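Colleague: The amino acid sequence is not available; the structure is as follows:
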């Protein structure tokens, strides 16, 4: 059964969600204000503070004026670094873009436009979905400009993928502090069933008459195309293949002008002994193969039927019906 899915929240993630009252951002663009940004010292920052305390104790113990001056100078440097780290995220504007559908097992990619409206550049930004996907790094966003960040998320199973919130972080400039926030753009994308390669069913006319497709006698030669694994070798253009047999794939003759061969891709044609996901994957493989061959095809599922057609829009409509089957 298809369903909208996201990662299950562990206890700590559920606690953070309750603590910070995190939820999808409905107002776009998302503006990072002071209340949304958190900052804490890193391991290097904690060590830096410990060293300053030791130096201060030594300066007091030995009554070293230059030691006091050095400690306060380094402390001021750390405070300035903290302010710059915080300002590196403050005021950024985030605008999500539409995500393209993918097949199960592939990686979904979600575009996010990061705009810097301030008069100073931003550096060393890190973006990733909370607990999943690879970390994307933006080295620099100049003042008054924007950059496109395409954030990856694994599409494990079919349905509507909702990846959840993003962690946007930075350790610029010295790495002593880490500042981060949790923007939650309204991202989602469709995940189609993973297609399984299998021979296409016969066109309706050929299946009803028992003839091979493309033998009506009223068709005109339209050109050549690559041969599919399940096509009869009688339609191979042997003369064209012989010109460059070592480097050219097998070609078959393509005809136009006769009746359009239509393929009916029916749920009932799949093996009832297979599970639902495998049967949907087989239908997805048929749709991809039929579209590759530029054939007209229709789709029939329990409770829904799509009229024959072809083209990218028709393909996406059929695959969407498979992705949301049972939802």
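Modeller: Noted; the coordinates are in hand. Small disclaimer: the values here were computed from a predicted structure and weren't measured.
Colleague: Please, where are all the strands along the stretch 101-250 of the chain?
Modeller: Listed in chain order, the strands of the stretch 101-250 of the chain (DSSP state E, counting those that start in this stretch) span 102-103, 107-115, 122-129, 132-141, 146-154, 159-161, 166-170, 177-181, 189-192, 220-226.
Colleague: show me what contacts residue 314?
Modeller: 291, 306 (C-beta atoms under 8 Å, 6 or more residues apart in numbering). C-beta here means a position set from N, CA and C on the backbone, and glycine is covered the same way.
Colleague: Which residue, neighbours along the chain excluded, lies closest to the spatially most central residue of the chain?
Modeller: For the chain, the residue nearest the mean C-alpha position is residue 108 (1.7 Å; C-alpha atoms, centre = their mean). Nearest non-adjacent residue to residue 108, counting by C-beta to C-beta, 6 or more residues apart in numbering: residue 155, 4.5 Å away.
Colleague: so who does that neighbour touch?
Modeller: Applying C-beta under 8 Å, 6+ apart to residue 155 gives the contacts 102, 103, 104, 105, 106, 107, 108, 161, 189, 191.
Colleague: can I get those in CSV with pLDDT and distance to residue 169?
Modeller: CSV is the format used below for those (pLDDT from 0 to 100; distance: C-beta to C-beta, whole Å):
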residue, pLDDT, distance to residue 169
102, 96, 26
103, 97, 31
104, 95, 30
105, 93, 29
106, 95, 26
107, 95, 21
108, 95, 21
161, 95, 23
189, 95, 24
191, 97, 27
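Colleague: Closest one to residue 267 out of the residues you listed, please.
Modeller: Taking C-beta to C-beta as the measure, residue 267 lies nearest residue 104 of the contacts of residue 155, at 18.4 Å.
Colleague: Please work out how many residues are found near the closest one.
Modeller: Counted with other C-beta atoms under 10 Å, residues neighbouring residue 104 total 21.
Colleague: give me phi/psi at it?
Modeller: Note on residue 104: its backbone torsions stand at phi -60, psi 140 [degrees, to the nearest 10].
Colleague: Please report the distance of it from residue 162.
Modeller: The gap separating residue 104 from residue 162 is 15 Å, by C-beta to C-beta, to the nearest Å.
Colleague: where along this protein do the helices fall?
Modeller: Assigned by DSSP state H, the helices in the chain fall at 11-20, 43-62, 65-87, 204-209, 238-243, 276-292, 312-323.
Colleague: quick one, which of those helices is nearest to residue 122?
Modeller: Nearest of the helices of the chain to residue 122, taken as C-beta to C-beta: helix 65-87 at 8.8 Å.
Colleague: Buried ones in the closest one, by neighbour count?
Modeller: Going by neighbour count (16 or more other C-beta atoms under 10 Å), the buried part of helix 65-87 is 67, 71, 74, 75, 78, 81, 82, 84, 85, 86, 87.
Colleague: quick one: contacts of that helix?
Modeller: So helix 65-87 is in contact with 37, 39, 45, 48-49, 52, 55-56, 58-60, 120, 170-174, 176-179, going by C-beta under 8 Å, 6+ apart.
Colleague: In ChimeraX, select just the buried ones from the residues you listed.
Modeller: What follows is the ChimeraX syntax for the buried subset of those, where burial is set by 16+ other C-beta under 10 Å:
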select :37,39,45,48,52,55,56,59,170,171,172,174,176,177,178,179
